[in-house]
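Participant: fold the stuff below for me.
(chains A and B)
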Protein chains: 2
Amino acid sequence: MKLYVWLTAPNPRRAQIFIAEKGIDIEIVEASDPDNPGQLSAAYCEKYPHRRVPLLELDDGAWIGEAAAICRYLETIYPDTPLMGRNPKEIAEVEMWDRLAEWEGLMAVSEVFRNTHKLFVGRGLAGYDREIPQIPELAERGHFRLGLFYEKIDEQLGANEYLAGDAFSFADITALCAIDFAISRRLPITESCSNVLDWHRRLSARPSTES
Amino acid sequence: MKLYVWLTAPNPRRAQIFIAEKGIDIEIVEASDPDNPGQLSAAYCEKYPHRRVPLLELDDGAWIGEAAAICRYLETIYPDTPLMGRNPKEIAEVEMWDRLAEWEGLMAVSEVFRNTHKLFVGRGLAGYDREIPQIPELAERGHFRLGLFYEKIDEQLGANEYLAGDAFSFADITALCAIDFAISRRLPITESCSNVLDWHRRLSARPSTES
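Facilitator: The predicted structure is shown next:
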């Protein structure tokens, strides 16, 4: 298997942390174009028409896209060290919190990034080969939503050690990748969200999350 | 168990079709406020702070939100008639296509709906109790994306009977709910997308999809 990534992007990082936590050995391939900053290479876009990273290429040549689908595949074939729940209820809770973290966290910071960064003028959304204009109001909305996301998970982490309960899971990985991406864009964790700050310190100490 | 829905909304419908295909008997509860069109009831919002539908309430009082997480729970406890894949690769492909259908289809039509409908002035995004202004450019972008989504799945359905391969799955359910929602908003399937039109006819003939 090979995992195609874009080294600075949060979605490939979700898969990379997942793989490191599982202790699996998978070849990592960079999919960006060294000559065109902020672009995926033409060869990669030809291979994967949905034009996003990460992508898992299986040994039979089949490919699986979307970070969560890749991690689900790895969870199914490498069930040791479960990261997507240990029983039906936990499996559902991890998926629920992963989707909340993706929808309210990762999407919010991506809205800020894609709609303000000069490298992405005309490419306001990942995965499209047509012009997608940047929308300044969407960047503003993303900023506002990110603040609410910090508050929401602060409450959840006040009552639970991890996002989906008492076990570290894929939902934590998604939230961490969203938040580290936000921090890199100068959108730090709200200072009053002490539970998030504590959780972030604990997660950042895990060897899998070293960048 | 009880499933809370909002009868005209596409996300609860994903869970309802899933339940009908599985042949499970679950009590359905309407979560909208009969006195305030376009609003969830206050009692529901108090029960479920993420303020979205559907919501599955378990017999022990625990709840699971997010349509995909609810369906994953039901798939795990009722494994007969699998709708999320029959082996690790198929499980991943169903999740990949479900997420593409949600991201590029359902989100696109929701962007049009929420950013233009007069009932949702100041509530441009589901799940928030703060003012979220409508963004006209986002409605426009959603409209544009929806056209590309029809083209994308037309290609996929030209080579496959169903979205994730040769078996009807949750990915088809998500795409159908997105598309029927679009049709109800006068955003019909592009006429040249004959594979989508044929697939839509086949799916609409399934008893589970009757609205």
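
Participant: CA atoms for contacts and neighbours, from now on please.
Facilitator: OK.

Participant: and the residue nearest to A:A175 when sequence neighbours are not counted, what's its pLDDT?
Facilitator: Counting by CA to CA, 6 or more residues apart in numbering or on different chains, A:A101 is the residue found nearest to A:A175 once chain neighbours are left out, at 5.2 Å. We have a pLDDT of 98 for A:A101.

Participant: shaky segments in chain A?
Facilitator: In the predicted model, chain A carries pLDDT under 70 at residues A:211.

Participant: can you point me to the longest helix in it?
Facilitator: The longest helix of chain A (DSSP state H) is helix A:136-159.

Participant: end-to-end on stretch A:124-135?
Facilitator: Stretch A:124-135 has an end-to-end distance of 7 Å (CA to CA, to the nearest Å).

Participant: ranges for the helices of chain A?
Facilitator: A:10-22, A:42-47, A:67-77, A:88-100, A:107-114, A:136-159, A:170-184, A:194-204.

Participant: which of these sits closest to B:L56?
Facilitator: The closest of these to B:L56 is helix A:88-100. By CA to CA, the value is 10.5 Å.

Participant: how much space separates the most far-flung residue of chain A relative to its centre from A:M1?
Facilitator: Ranked by distance from the centre of chain A (CA atoms, centre = their mean), the top residue is A:D60, with 26.2 Å. Distance from A:D60 to A:M1, counting by CA to CA: 9 Å.

Participant: can you give the domain ranges for chain A?
Facilitator: A:2-77, A:88-209 (automatic domain parsing).

Participant: of these, which is nearest B:M96?
Facilitator: Checking the domains of chain A against B:M96 by CA to CA gives domain A:2-77 as the closest, at 5.3 Å.

Participant: start and end of that closest one, how far apart?
Facilitator: With CA to CA, one end of domain A:2-77 sits 15 Å from the other.

Participant: so is it next to chain B?
Facilitator: Yes. Domain A:2-77 reaches chain B (CA under 8 Å from any CA of the partner chain) through A:64-66, A:68-70, A:72-73, A:76-77.

Participant: now which of these would you call buried?
Facilitator: With neighbours counted by 16 or more other CA atoms under 10 Å in any protein chain shown, the residues of domain A:2-77 next to chain B contain buried members at A:64-66, A:68-70, A:72-73, A:76.

Participant: measure the nearest residue to A:S110 once chain neighbours are set aside to A:P136 for me?
Facilitator: Spatial nearest neighbour of A:S110, chain neighbours left out: A:G142 (7.6 Å); criterion: CA to CA, 6+ apart. Separation of A:G142 from A:P136 (CA to CA) stands at 10 Å.

Participant: cheers, nothing more for now.
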